[in-house]
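Colleague: A structural model of the following input is requested.
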Amino acid sequence: NVIKEVFKMPKQIAALLPLLLTFGAFLAVMFFANRRTLDIKSKTVGDGQHGSASFAKPREIAEAFCRVDYRPKEWRRENPTDLPQGIIVGCEILKFGKKKKITAIVDEGDVHALMIGAAGVGKTAKFLYPNIEYCCASGMSFAVSDTKGDILRSYAPIAEKYYGYDISVLDLRNPTQSDGFNMLHMVNRYMDDYLQTDSLVSKAKAEKYAKVISKTIMNAGGFDSSNAGQNAYFYDSAEGLMTAVILDRGDDIQVTGARHRSTAEYNRDLHRENARLEALIDDNREHLRQLEDEIRKSER
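Modeller: Next comes the predicted model:
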């Protein structure tokens, strides 16, 4: 019986042989077709298949970027005028005993930089803050996304005090605390000057800016009043009416109010008043502490 079973197995394999041959031919066709379509080279790696990217060599870094001595303390004392504008992408640190010299590697191109790192690696303190300092020192205008407010608290006073920057804040969580844009700023400025000095030049400038605002409002949404055709008279009348309303501020400075202040001036005044009040609170707190000490001594 065993011998009979052994002689039966080749017949079973013979029945599966056409299927096996078909599957093998299919694999062979797919293998050679892939080689011809993908044009795979003779080597599995290398020979250009891994790409051409590589780390920059010192000579290539020197050609692509410029080096700037990073000296923020000196920049704050006297604002430099010859710093190239760009992004700090790295630095070189040379130590001389306890002193060290930091050379910033600056990319002057109009490029984007992406900083990726885990929490606590120094994305803000070692990359963002030096770049903000360099932007201020080189005189660039810039916008910062500051969701927690740390950058505003840390670097806004430095930018204002040492570099003369005007800081504007757009707070989406508390819109009423944001800085605004007043279209009537220039009109108010020159009209205040006209009411105080009776200068016809200031009055003419106020009228000019009032007309600019009126035309801007009328042409909002892409409309061009010059193409109004037969209705041009009505659009011109509307512009004249808005200009008159803007300029209708009264003839007495006591009626119109105090001198107009820009948003930056208003914020600076608020900061000064806040500093004065904080100093007053500290003085009163110290005085209160002394009184409490005297009360305790008298009770003994």
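Colleague: Pro175 and Thr81, how far apart?
Modeller: 38 Å (Cβ to Cβ, to the nearest Å). Where C-beta positions appear, they are placed from N, C-alpha and C, glycine not excepted.
Colleague: And Arg285, by the same measure?
Modeller: Arg285 is 44 Å from Thr81, by Cβ to Cβ.
Colleague: Buried residues of stretch 210-222, list them for me.
Modeller: 210-211, 213-214, 218 (16 or more other Cβ atoms under 10 Å).
Colleague: meant to ask about stretch 93-105
Modeller: 104-105.
Colleague: got it, and stretch 181-196?
Modeller: In stretch 181-196, counting by 16+ other Cβ under 10 Å, buried: 186-195.
Colleague: Okay, now the unreliable bits of the stretch 201-300 of the chain?
Modeller: 225, 249-267 (pLDDT under 70).
Colleague: name the element the closest residue to Asp146 other than its chain neighbours belongs to?
Modeller: Among residues not flanking Asp146 along the chain, Leu152 sits closest, at 5.4 Å (Cβ to Cβ, 6 or more residues apart in numbering). Here Leu152 is covered by helix 150-163, with elements defined by DSSP states H and E.
Colleague: Counting by contacts, list what that helix packs against.
Modeller: helix 72-77, helix 129-138 (3 or more Cβ pairs under 8 Å, 6 or more residues apart in numbering; DSSP states H and E).
Colleague: which is the next helix or strand following that helix?
Modeller: Following helix 150-163 toward the C-terminus (DSSP H and E): helix 185-197.
Colleague: Tabulate the CA atom coordinates of whatever helix or strand comes next after that next one in CSV.
Modeller: Downstream of helix 185-197, the next assigned helix or strand under DSSP H and E is helix 200-218. In CSV, the C-alpha atoms belonging to helix 200-218 read as follows (Å, rounded to 0.1, in the frame of the first residue of the first chain):
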residue,chain,number,x,y,z
LEU,A,200,-3.6,127.0,5.8
VAL,A,201,-1.1,124.4,4.8
SER,A,202,-2.3,122.0,7.5
LYS,A,203,-5.9,122.7,6.6
ALA,A,204,-5.2,121.8,2.9
LYS,A,205,-3.5,118.6,4.0
ALA,A,206,-6.4,117.7,6.2
GLU,A,207,-8.8,118.2,3.3
LYS,A,208,-6.6,116.2,1.0
TYR,A,209,-6.5,113.2,3.3
ALA,A,210,-10.3,113.5,3.9
LYS,A,211,-10.8,113.3,0.1
VAL,A,212,-8.5,110.2,-0.1
ILE,A,213,-10.6,108.5,2.6
SER,A,214,-13.8,109.3,0.8
LYS,A,215,-12.6,108.0,-2.5
THR,A,216,-11.2,104.8,-0.8
ILE,A,217,-14.7,104.1,0.7
MET,A,218,-16.5,104.8,-2.6
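Colleague: by how many degrees do helix 200-218 and helix 185-197 diverge?
Modeller: On the basis of axes from the mean of the first three to the mean of the last three Cα atoms, to 10 degrees, helix 200-218 is oriented at 150 degrees to helix 185-197.
Colleague: Residues touching helix 200-218, excluding its own?
Modeller: 183-184, 186-187, 190-191, 193-194, 225, 235, 238-240, 242-243, 246-247 (Cβ atoms under 8 Å, 6 or more residues apart in numbering).
Colleague: and with 6 Å instead?
Modeller: Applying Cβ atoms under 6 Å, 6 or more residues apart in numbering, the contact partners of helix 200-218 are 183, 186-187, 190-191, 193-194, 225, 239, 242-243, 246-247.
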